[in-house]
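*Asks:* Structure here, sequence nowhere to be found:
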């Protein structure tokens, strides 16, 4: 659009004097016998019109080399003004051609000559308005003087408002440019924020993997390794003792330890990754988890989804599913609840998981500090949420049930 406007302006600069001359010419020809009856003056009009056209054609060729005011543009403006004065003297209707100086004085004349050029153009225009030169009475001269003043006052008013409009346009252009720079800076900041968020998510995932390894190592040490140690001890007793009854007793103990260790091993392997997310999204996995937990425990359990469901990043889904599983496990172990409600809520930039029960509750203010095992596993759930820049809150009171709420950023899965 700006390029189109520029081309229109260039075309106007080149051809507006010829356009005004052609507009004046029919009016002058119609009144030629009345206003210019002398044959010599008619010849002069023809010569001046031809000269004005040829002069303008010359200027169109040299104009690209003079985009701003300089000596050549000053001479061009002055010669064109002189041609306009001469033609207006011969026929007042050529004042339209003289008025061409109003449109480009600011582009052709230096700043200090600009208003002088406008005043000069107003002279032949005012002379035409006063009836055309030469003046034969003092009244005509008085009218001419008044018209010169009136025309220049009008020019001053128009120039003032044009200057105000130009300043407003420049201020608007500067504002638009500043907005564009601000938008560009905002886009860069958003891109950097997204990159940092991805980096934090990777770091959180790595930290989660390290935590899982430490947890698994502790579980193996505390359960499977101890069970295997017990089995070895029982087998050693069997090997050292000749009594069959004693041997049978120790073998049964070893078998019990083996079965217990196998169960612990299966549980640890199951906890390594949320199997439910392998084929389902987070809402479907949570719905199945709640339904299976309700069937297993006999507690009435309901799952509710609010907001427009979206597929979060795998780390977000895994974290929320683990928190839900741990919260339900706590309910089964400690709450003695008759009803449990699990709600997954998708909001702008955030996803919330709420697990509420109507069990016996507890005094949340009396929980011990973060020891890693206190609070019925609450520290583990809180640590999971914090690893992905989320929070976990607990509301409980004795006899009033418990509510666990996890709020985490909604990072979309872009795969």
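*Replies:* Ah, there it is. On a predicted model such as this, the values are computed, not experimentally measured, just so you know.
*Asks:* Could you use CA atoms for every contact and neighbour count after this?
*Replies:* Fine.
*Asks:* neighbours around residue 39, how many?
*Replies:* 10 (other C-alpha atoms under 10 Å).
*Asks:* and residue 70, what does it touch?
*Replies:* 108, 109, 110 (C-alpha atoms under 8 Å, 6 or more residues apart in numbering).
*Asks:* all helices in the stretch 251-400 of the chain, in order from the N-terminus.
*Replies:* Using DSSP state H, counting those that start in this stretch, the helices of the stretch 251-400 of the chain run over residues 282-297, 314-330, 378-387.
*Asks:* Make TSV from those and add mean pLDDT, mean neighbour count and distance to residue 115 to it.
*Replies:* What follows is the helices of the stretch 251-400 of the chain, written out as TSV (pLDDT from 0 to 100; neighbours: other C-alpha atoms under 10 Å; distance: least, C-alpha to C-alpha, whole Å):
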stretch	mean pLDDT	mean neighbour count	distance to residue 115
helix 282-297	91	17	76
helix 314-330	89	21	72
helix 378-387	87	21	72
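*Asks:* now for these, which one comes closest to residue 80?
*Replies:* Across the helices of the stretch 251-400 of the chain, residue 80 has its closest neighbour in helix 314-330 (78.1 Å, C-alpha to C-alpha).
*Asks:* coming back round to it: which among the contacts of residue 70 gets closest to residue 142?
*Replies:* Looking across those and measuring by C-alpha to C-alpha, the closest to residue 142 is residue 109, at 29.8 Å.
*Asks:* Residue 69 should be in a strand, yeah?
*Replies:* No. Read with DSSP: H, G, I helix; E, B strand; the rest coil, residue 69 is coil and lies in no strand.
*Asks:* List the backbone torsions phi and psi for it.
*Replies:* phi -60, psi 130 (degrees, to the nearest 10).
*Asks:* for residue 8, same thing?
*Replies:* phi -60, psi -40.
*Asks:* contacting residues around it?
*Replies:* Counting by C-alpha under 8 Å, 6+ apart, residue 8 has no contacts.
*Asks:* how much space between it and residue 177?
*Replies:* 24 Å (C-alpha to C-alpha, to the nearest Å).
*Asks:* Equivalent analysis for residue 92, please.
*Replies:* 48 Å.
*Asks:* Looking at those two, which has the bigger crowd around it?
*Replies:* Neighbour count, other C-alpha under 10 Å: between residue 92 and residue 177, residue 92 has more, with 27 against 12.
*Asks:* Kindly state the pLDDT recorded for that one?
*Replies:* The per-residue pLDDT reported for residue 92 equals 88.
*Asks:* any idea which element the closest residue to it other than its chain neighbours lies in?
*Replies:* Leaving out its chain neighbours, the residue that sits closest to residue 92 by C-alpha to C-alpha, 6 or more residues apart in numbering is residue 128, at 4.6 Å. Take DSSP states H and E as the rule and residue 128 turns out to sit in helix 111-129.
*Asks:* Helix or strand next in line after that helix, which one?
*Replies:* Per DSSP H and E, the helix or strand that comes after helix 111-129 is helix 138-219.
*Asks:* Which helix or strand contains residue 34?
*Replies:* Assigned by DSSP H and E, residue 34 falls in helix 32-35.
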